[in-house]
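In: Need coordinates for the below:
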Amino acid sequence: MRKVTVLVVLTVVVAGCLGPAPSPTLAPAQPLSVGLGFTPSVQFAQFYRAQQEGYYRDAGLDVTFQHRIDPDLIPLLGQGAVDVGMADGTSVIPAVSQQIPVRYGATIYAQFPSVVVATSASGIRQAADLRGRRLGIPCRCGSSWIMLQALLESAGLTPDDLEITLYPDFGQVVALREGQVDAATGFANNEPVQLASAGIETVVLRVDETTPLPGPGLTVGVSTLAEKRELLEAFVAATLRATQEIIDDPQVGLESAIAEVPELGENRELQLAVLRATIDMWQSPYTDQHGLGAVDVEAWTRSLEFMRTLPGADVPQDLTAAQLVTEELIP
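Out: Numbers count the residues shown, from 1 in each chain. Here you go, the predicted structure:
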């Protein structure tokens, strides 16, 4: 017993002589600019949650969000002016075709969100039923236009087989509700949910079963990938952690979104419905097998082959999926 006592006393004396232990020096958080879609929305709940819960901070990141549309964001990513951002896969292919140096690094939407929506009363049940019908679309451009062509091709149709009306102000769903068109393009996690909340039953035509098109995901510039790979890996891991938490409990995602965008709280029931529909888009049989964020390179190859067939497409024959995607950032 005496020996133990002496040892304890000696330890205390030595510690007192050395003085208090120095505080650990924390490395300063590294800035990372993140581009999201044009409008702050419940659809970005995982990014808001990762920020609010400190997942980015704990990973050594000082994250700032910017909200931009795809055509503006992708050139900024290529220039390194924005570090990482959400970009549609069907926008990445033409961008790289035009020598914009970006790579798609993590899947967020494992299912292609652009769809054709029709009211149940229209009698439209499948793509072939669109022949001769009136369809509303914002423009003959972008992901919705590519999706529509792929959907029509699956039924042996072309856009010339429809009566297409353009709604540059994105009023095509209002036109559908008012009976001005029989169907309209939209997003599976938005327009059908909005129409259902108004008591309108819908039929949703999806392209996933016929032509795999890559949905929105985290995209980076080639130079940024080389310079900030570890930071980007940490960002993706933190984002996917928050994504899984919201899949497990959508309510936490709703609260994070409302904390970021308070006006979303004015209709919590609708926003939760939109979030649940969005959660469905985050997952697919491929991610069930390979994990959230996984990039299906084979599907990208098939998408590339399809986009080469589109009228006016300028996709080089020697462009490969390896020049479009990177699997370096997935945990």
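In: mind listing the strands for the stretch 101-250 of the chain?
Out: 102-107, 114-119, 134-137, 163-166, 183-187, 202-205, 217-221 (DSSP state E, counting those that start in this stretch).
In: Between those, which one is closest to Leu292.
Out: Of all the strands of the stretch 101-250 of the chain, strand 102-107 sits nearest to Leu292, with 7.9 Å by C-beta to C-beta. Just so you know, the C-beta spots here come from the backbone N, C-alpha and C atoms, and that holds for glycine as well.
In: Okay, angle between the closest one and strand 217-221 too, please.
Out: 150 degrees (axes from the mean of the first three to the mean of the last three C-alpha atoms, to 10 degrees).
In: what's in contact with strand 102-107?
Out: 74, 77-78, 84, 87, 89, 92, 95-96, 214-215, 217-222, 225, 232, 236, 239-240, 287, 292-296, 300, 324-330 (C-beta atoms under 8 Å, 6 or more residues apart in numbering).
In: mind listing which of the residues you listed are in helices?
Out: When the contacts of strand 102-107 are checked against helices (DSSP state H), the matches are 74, 77-78, 89, 92, 95-96, 222, 225, 232, 236, 239-240, 287, 300.
In: most surrounded residue in those?
Out: Neighbour count (other C-beta atoms under 10 Å) singles out Leu77 as the most crowded of those, with 28 neighbours.
In: Report the contact partners of it.
Out: Leu77 makes contact with Gly35, Asp83, Val84, Gly85, Ala87, Val102, Thr219, Val220, Gly221, Thr224, according to C-beta under 8 Å, 6+ apart.
In: Please dump these into JSON lines; it should also carry neighbour count for every row.
Out: Formatted as JSON lines, the contacts of Leu77 follow (neighbours: other C-beta atoms under 10 Å):
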{"residue": "Gly35", "neighbour count": "25"}
{"residue": "Asp83", "neighbour count": "25"}
{"residue": "Val84", "neighbour count": "26"}
{"residue": "Gly85", "neighbour count": "27"}
{"residue": "Ala87", "neighbour count": "26"}
{"residue": "Val102", "neighbour count": "26"}
{"residue": "Thr219", "neighbour count": "30"}
{"residue": "Val220", "neighbour count": "30"}
{"residue": "Gly221", "neighbour count": "25"}
{"residue": "Thr224", "neighbour count": "24"}
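In: List just the nearest of those residues to Gln244.
Out: Using C-beta to C-beta, those come closest to Gln244 at Val84, 19.1 Å.
In: Dig out what that closest one forms beta bridges with.
Out: Beta-bridge pairing for Val84 (DSSP bridges): Val34, Val220.
In: Return the residues in contact with it.
Out: For Val84, the contacting residues are Leu32, Ser33, Val34, Gly35, Leu77, Gly105, Leu218, Thr219, Val220, Thr224, Leu232, Phe235, by C-beta under 8 Å, 6+ apart.
In: Between all of the ones in helices among the contacts of strand 102-107, which two are separated the most?
Out: Gly78 and Thr287 (26.8 Å).
In: What is the neighbour count of Gly171?
Out: Residues near Gly171, counting by other C-beta under 10 Å: 15.
In: How about Leu157?
Out: Neighbour count for Leu157, taken as other C-beta under 10 Å: 18.
In: so who does it touch?
Out: Ala127, Ala128, Leu130, Arg131.
In: quick revisit: just the contacts of Val84 now: which is nearest Met281?
Out: Leu218 (14.8 Å).
In: isn't that closest one right next to Thr239, touching?
Out: Yes. If you go by C-beta atoms under 8 Å, Leu218 and Thr239 touch, sitting 7.4 Å apart.
In: Make JSON lines out of the strands of the stretch 101-250 of the chain and add mean pLDDT.
Out: Shown next, in JSON lines, are the strands of the stretch 101-250 of the chain (pLDDT from 0 to 100):
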{"stretch": "strand 102-107", "mean pLDDT": "98"}
{"stretch": "strand 114-119", "mean pLDDT": "96"}
{"stretch": "strand 134-137", "mean pLDDT": "97"}
{"stretch": "strand 163-166", "mean pLDDT": "98"}
{"stretch": "strand 183-187", "mean pLDDT": "96"}
{"stretch": "strand 202-205", "mean pLDDT": "97"}
{"stretch": "strand 217-221", "mean pLDDT": "98"}
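In: Go through the ones in helices among the contacts of strand 102-107 and say which is closest to Gly312.
Out: Gly312 has its nearest neighbour among the ones in helices among the contacts of strand 102-107 in Ala95, at 15.8 Å by C-beta to C-beta.
In: Surely that closest one touches Leu73?
Out: No. Counting by C-beta under 8 Å, Ala95 stays clear of Leu73, with 10.1 Å between them.
In: This protein - how does it break down into domains?
Out: 32-111+214-323, 114-205 (automatic domain parsing).
In: ok, Thr39 - how many residues close by?
Out: Around Thr39 there are 10 residues (other C-beta under 10 Å).
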